[in-house]
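Engineer: Have a look at this prediction, sequence included:
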Amino acid sequence: MSAVRWLVKCGAAAAIVLIACGLATVRFGSGLQMPATTTRDGTLITLSRYLREPVPDIVLVGSSITFRLKEEYFATRGLRNLALAGGSPVTGLEIVANQPRLPRFILVEVNVLARSTDTALVERYSRGDTEPFFFRPVRAAVAAYEQRLHAPLTHEQVALDLRRLVGQQPSNFDSRIYVDRALQQLNAEDPTDAARFNVKRIEELVQVMEQRGARVFLFELAFAEPIEESRYAATTREIIHAAFPDSNRWLPIEVNRSELRWADGVHLDERSAVIVAQAMERALALARTVR
């Protein structure tokens, strides 16, 4: 009998805990998704924020090249950068397209088109909340903590530092050894088949999203001159421009190339990323006035 009483008490206690967890989820856990435990680069936290916060006015998707354009570099409110370090722009575009509501403007970087879509990530951030109800609270609490801990700075918080940074002289860092290494790799890779596959998917997604009322622009970020002429860059450029020949589809990023520097010939350094972000804002401000 004592064993039976003990089991009954344990069962009752467990039921109370589960009910409390369920109530906590209803109160605090709605819309939160736990960032991937294997990644701390901030991008997946941004994806989680994207799902739980109001739909932004502008979204950027791209690869590690666009990932360098931090949200705080932009004065425009309601802008989210969903570019994935080491990933494909198609991944972010799929996630955005799978949401019930779309941003007004979607900017798609097309420098890197040979990487495959991260289907696991698309699934994770496109599906509904299918996790069993009573197992969400701890994940919701951890997600809230992570997002609070890694809350991005605002443009206003860093505006003075950005002005100082842009006012400095361009870096004199000698990156030739890294440029040569990148050039060798990019000349060895033929992106033709993968790029054509991804461009076809981009075409499909653009059509669907614009039918739903969004406006999609493509953009290219500058590489160091030797990288611009690499096999990878030249082939990718040819394929994407053949698919999207209309100049109105492209967001022009007008910058003085002599002001730009790259850590490795491919990725902009911080000062250059700020300059490019400001140029994108000017172009977007003009594009937003023209339908």
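Structural biologist: Sure, I can see it.

Engineer: Val276 versus the closest residue to Arg237 other than its chain neighbours, what's the distance?
Structural biologist: Leaving out its chain neighbours, the residue that sits closest to Arg237 by CB to CB, 6 or more residues apart in numbering is Glu220, at 7.3 Å. All C-beta atoms are positioned from the backbone trio N, CA, C, and that covers glycine. Between Glu220 and Val276 the distance, using CB to CB, to the nearest Å, works out to 11 Å.

Engineer: Have a look at those two and say which one is more surrounded.
Structural biologist: Legend: neighbour count by other CB atoms under 10 Å for Glu220 and Val276, higher for Val276 (23 against 19).

Engineer: got the contact list for the more buried one?
Structural biologist: Leu69, Leu221, Ala222, Ile253, Val255, Leu260, Leu268 (CB atoms under 8 Å, 6 or more residues apart in numbering).

Engineer: would you turn these into CSV with secondary structure, neighbour count and distance to Val59?
Structural biologist: As requested, these are exported to CSV (DSSP: H, G, I helix; E, B strand; the rest coil; neighbours: other CB atoms under 10 Å; distance: CB to CB, whole Å):
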residue, secondary structure, neighbour count, distance to Val59
Leu69, coil, 22, 12
Leu221, coil, 25, 16
Ala222, coil, 17, 22
Ile253, coil, 18, 17
Val255, coil, 16, 22
Leu260, coil, 20, 24
Leu268, strand, 23, 20
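
Engineer: I'd say the residue nearest to Arg237 and Glu109 touch.
Structural biologist: Yes. At 7.3 Å, Glu220 counts as touching Glu109 under the criterion of CB atoms under 8 Å.

Engineer: Going by neighbour count, which residues in stretch 87-100 are buried?
Structural biologist: Gly87, Ser88, Pro89, Val90, Thr91, Gly92, Leu93, Glu94, Ile95, Val96, Ala97 (16 or more other CB atoms under 10 Å).

Engineer: If you could redo that for stretch 220-239, that was the one I meant.
Structural biologist: So for stretch 220-239, counting by 16+ other CB under 10 Å, buried means 220-224, 226-227, 230, 232-233, 235-237, 239.

Engineer: Show me where this protein has its strands.
Structural biologist: 58-61, 79-81, 105-109, 215-219 (DSSP state E).

Engineer: any chance of these in JSON lines, plus mean pLDDT?
Structural biologist: Output for the strands of the chain, formatted as JSON lines (pLDDT from 0 to 100):
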{"stretch": "strand 58-61", "mean pLDDT": "98"}
{"stretch": "strand 79-81", "mean pLDDT": "95"}
{"stretch": "strand 105-109", "mean pLDDT": "98"}
{"stretch": "strand 215-219", "mean pLDDT": "98"}
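
Engineer: Of these, which is nearest Ala194?
Structural biologist: strand 105-109 (15.8 Å; CB to CB).

Engineer: in its sheet, what does the closest one sit against?
Structural biologist: Partner strands and pairing direction for strand 105-109 (DSSP bridges) are strand 58-61 (parallel), strand 215-219 (parallel).

Engineer: Contacts for the longest one, please.
Structural biologist: Translated: strand 215-219. 104-110, 206, 209-210, 240, 244, 249-251, 253, 280, 284, 287.

Engineer: Can you select the buried ones from those residues in ChimeraX?
Structural biologist: To isolate the buried ones among the contacts of strand 215-219 in ChimeraX, judged by 16+ other CB under 10 Å, type:
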select :105,106,107,108,109,110,206,209,240,244,250,251,253,280,284,287
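
Engineer: before we move on, the earlier item: is it possible to get a markdown table of the strands of the chain that adds distance to Ser171?
Structural biologist: Below are the strands of the chain laid out as a markdown table (distance: least, CB to CB, whole Å):
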| stretch | distance to Ser171 |
| --- | --- |
| strand 58-61 | 24 |
| strand 79-81 | 23 |
| strand 105-109 | 23 |
| strand 215-219 | 23 |
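
Engineer: Show me the one of those that comes nearest Ala159.
Structural biologist: That would be strand 79-81 among the strands of the chain, by CB to CB, at 14.9 Å.

Engineer: Which secondary structure elements does that closest one sit against?
Structural biologist: Here strand 79-81 touches helix 43-52, strand 58-61, going by 3 or more CB pairs under 8 Å, 6 or more residues apart in numbering; DSSP states H and E.

Engineer: how about a markdown table for the ones you listed, with mean neighbour count added?
Structural biologist: Listed next are the helices and strands packed on strand 79-81 as a markdown table, based on neighbours: other CB atoms under 10 Å:
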| stretch | mean neighbour count |
| --- | --- |
| helix 43-52 | 20 |
| strand 58-61 | 26 |
